[in-house]
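K.L.:
need a structure here:
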Amino acid sequence: MNKYVVKVLGLSILLTLVSACGRGSGDPEKVLLPEIQPDGGSTLVEARIQTLGNVHEVSGPAAIVYPNPELVVGGYKGDPAKPHVVASNDVWIPSDVQSTAALSIYYAYERLMLFENSVFPDSRISWPRKVGFDVTSIGGGSNNAFYAAEDNDGDILDVTAILPYSGNGLAIAYNTGIIAHEHFHAHFYRIFGELLGRSSEGKSIDLNPHHLEKAKGCGISSKLSKYDVEKKTAHFQQAVNSMIFRGWNEGLADFYGALFTGANNFFDESLASDGQRDVGKPTDGIYTRKVFEYALERDISYGEGCNSLGLAYSMGTQVARRVAQHYAKKYDAKAPDFKEKVAIDFFKSLMNSRSKIREKYKDGELLTSWIFGVFEGPGKASEMDRKREMERAAKAIIEALGSMGKNKKRSDANVPTYQGTGSKKKGDQKDEEESATSKQAESSQNGTAE
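P.N.:
Numbering: from 1, shown residues only. Next up, the predicted model:
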């Protein structure tokens, strides 16, 4: 049992005993819940939940929260969570971990809803959100969370799943940063995903995390094996587009989680990754499209790993950092309305880019750096990234892959560039740029899968 669970249960038991002697004051208005802090760690707060009419059933305007629900066409099947709570003066005290989780999830979504009603009134997502926790019915696994827009048949799901947590940190159900990250995927789907068409192979990869295998995100070889890799067909190029799209999606979700909570390193509170997805760190550059082409070709041809997915997550980290740095320069980070101003700008920029992204995704070849132009302006971003897109990294990968015969399998460990094991060579400035973008790939699976 981790320290956060012990703290929550211990305080709940103590206050349950104390409440027997407390004065009655009608129905409490607040709930004692754990909350992530901007500077790291978490603390218990008296959270005022404004929109949940009955704390004994977690279903309200912001979210319907289900304990281990069954996934069916249209979403979840089951009853909303029914927390066990006791009253201590004017505060509800959850009496077990599951009750704390259900109410914490609702509190996070309520704050997201109220915030987005102000900064993104044109949002295309619907409320209440459908959220399952301690979910064991979807592919197994633990210490993870994901958003699923559709199933493989194109039927709408539009659900978020939080898997069981067995780590030693803050449970994902209590981590508002991870919840905001997953919630952003719903925005990304509504802004971009629907434009791509239900038959899009890219959408199937990027927006159906529920059906990906092994986190299940690496089982793409069978899905793509029918493509003619050697001739670089339009299907193959669209598959490359989908992985670049996936990287953008993950990176922007990381950024949004950090913006909403003020905690740049929110992943580490639950999924110890030594700061490798810390949005507040300097950016190193970004992988080129050519790198993704060779990674995907390897995945399709050999089926040994998920290099392209790892690259997508690694690139996502750099996207998140670059966008964060852009907004830190554009607006006064110390201003009380910084978060609101950035969110308004952020969502407006994404909405304004929909048509261009759709055109390039379906009919052309996405360049990894285009996402920066969405926020920074096309001229400035593209000029900068023509110099920084690491063609030398692509060349190194080409050379590493060049020794592979078409019928010869090699371990993923033999291509260290994909795994981020490159390191700076003292006194070699050129190699510094090449290796910098690879640092994060090693931990690309440490955070939430989708």
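K.L.:
shaky segments in the stretch 101-250 of the chain?
P.N.:
137-140, 152-153, 194-232 (pLDDT under 70).
K.L.:
please enumerate the strands of it.
P.N.:
129-133, 145-150, 156-162 (DSSP state E, counting those that start in this stretch).
K.L.:
for residue 312, which of these is the nearest?
P.N.:
Each of these has some distance to residue 312 by C-beta to C-beta; the shortest is strand 145-150, at 14.2 Å. (C-beta placed from N, C-alpha, C; glycine too.)
K.L.:
okay, the closest one in CSV with CA atoms only?
P.N.:
Taking C-alpha atoms only, strand 145-150 is exported to CSV below (Å, rounded to 0.1, in the frame of the first residue of the first chain):
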residue,chain,number,x,y,z
ALA,A,145,-5.0,5.8,-18.5
PHE,A,146,-6.3,6.5,-22.0
TYR,A,147,-9.0,8.1,-24.0
ALA,A,148,-10.9,6.1,-26.6
ALA,A,149,-12.9,8.0,-29.3
GLU,A,150,-14.2,5.1,-31.4
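K.L.:
for it, packing partners?
P.N.:
Counting contacts by 3 or more C-beta pairs under 8 Å, 6 or more residues apart in numbering; DSSP states H and E, strand 145-150 is packed against strand 156-162, helix 176-191, helix 201-207.
K.L.:
report the buried residues of it.
P.N.:
Within strand 145-150, the residues scored as buried using 16 or more other C-beta atoms under 10 Å are 145-150.
K.L.:
wait, a strand at residue 333?
P.N.:
No. Secondary structure of residue 333 (DSSP: H, G, I helix; E, B strand; the rest coil): coil, not part of a strand.
K.L.:
gap between it and residue 266?
P.N.:
Residue 333 sits at a distance of 17 Å from residue 266 (criterion: C-beta to C-beta, to the nearest Å).
K.L.:
between these two, which has more neighbouring residues?
P.N.:
Neighbour count, other C-beta atoms under 10 Å: between residue 333 and residue 266, residue 266 has more, with 30 against 12.
K.L.:
what about the closest residue in space to that one that isn't next to it in sequence, how many residues close to it?
P.N.:
Nearest non-adjacent residue to residue 266, counting by C-beta to C-beta, 6 or more residues apart in numbering: residue 177, 2.7 Å away. Counted with other C-beta under 10 Å, the neighbours of residue 177 add up to 28.
K.L.:
same question, residue 337
P.N.:
Look at residue 337: counted by other C-beta under 10 Å, it has 10 neighbours.
K.L.:
likewise residue 193?
P.N.:
Residues lying near residue 193 (other C-beta under 10 Å) number 22.
K.L.:
mind pulling up the pLDDT for residue 389?
P.N.:
Residue 389 is assigned 53 on the pLDDT scale.
K.L.:
measure residue 116 to residue 54 for me?
P.N.:
24 Å.
K.L.:
please apply the same query to residue 234.
P.N.:
53 Å.
K.L.:
do the same with residue 356
P.N.:
To residue 54, residue 356 is 46 Å away according to C-beta to C-beta.
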